[in-house]
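A.B. asks: when you get a sec, could you give me coordinates for this:
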Amino acid sequence: MRIGIIGSGNTGSVAARHFVAAGHEVGISNSRGPDSLSRLVADLGPNARATTVEGAADFGEVVLEAIPFGEYRSLPADELTGKTVISAANYYPDRDGEIDQEGRTQTELVAAHLADSTVIKAFNTMYYETLRDEARPGAPLEDRLVLFLAGGDPEAKSVVSGLIEEIGFVPLDVGSLRDGVMMEPGSAIYNEPMRLERARTVLEELRG
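C.D. replies: As a prediction, the model looks like this:
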């Protein structure tokens, strides 16, 4: 699969490494331009290429956005039309400034901007060092750490769940993008590594 990545920070670069290791092609980008990514791409190997943000959006069959939440309006909606977009952004007011969410979840705002894309929330609840170090692609699912996901499209969820399993974690569906509020900073599942049994219990508690 061709996977575009918008954002080459901690989460974006770690995800790129996992996707390449799983045999996918990756086109990675950032706001500074392809030249700034030469060292990372050389380290990732021949299945990775540096590109522009628009190039990553065009390249990927699936596109992961891992940019600061306050910059979500910079995502190229035209190039992402018809694509499955994984949103890993998290809102931190101290970094992103005050944003009026108008009663919507963080990823509902991203989805409103990308109105012609299918947005799935994932890869945002796990600290990048845990994502980097705790992948266990050969382990039984019940022995892996959980990566949560949310969204409204079953087919897109299935694709993202498959990627999560390929790179060594286990997917757990939280529900709709509205339900994705349970994946936002401050939640009981945010940045709390847990395996499947415990994660299911915590989700039940959150749902009340």
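
A.B. asks: next up, the contacts around Leu203.
C.D. replies: The contact partners of Leu203, taken as CB atoms under 8 Å, 6 or more residues apart in numbering, are Leu172, Val174, Met182, Ile189. C-betas here are computed from N, CA, C, even on glycine.

A.B. asks: give me the number of residues near the second one?
C.D. replies: Val174 is surrounded by 24 other residues when neighbours are defined as other CB atoms under 10 Å.

A.B. asks: which residues are contacting the strand or helix carrying it?
C.D. replies: If you go by DSSP states H and E, Val174 is part of strand 170-175. With contact meaning CB under 8 Å, 6+ apart, strand 170-175 is reached by 121-122, 141-142, 144-150, 157, 160-161, 164-165, 180, 182-183, 195-196, 199-200, 203.

A.B. asks: which non-adjacent residue is nearest Tyr127?
C.D. replies: Leaving aside its sequence neighbours, Tyr127 sits nearest to Asn191 (CB to CB, 6 or more residues apart in numbering; 5.2 Å).

A.B. asks: tell me which residues in the helix or strand Arg17 falls within are buried?
C.D. replies: Taking DSSP H and E as the criterion, Arg17 maps to helix 10-21. Residues Thr11, Gly12, Ser13, Val14, Ala15, Ala16, Arg17, His18, Phe19, Val20, Ala21 are the ones in helix 10-21 that count as buried (16 or more other CB atoms under 10 Å).

A.B. asks: that concludes my questions; thank you for your assistance.
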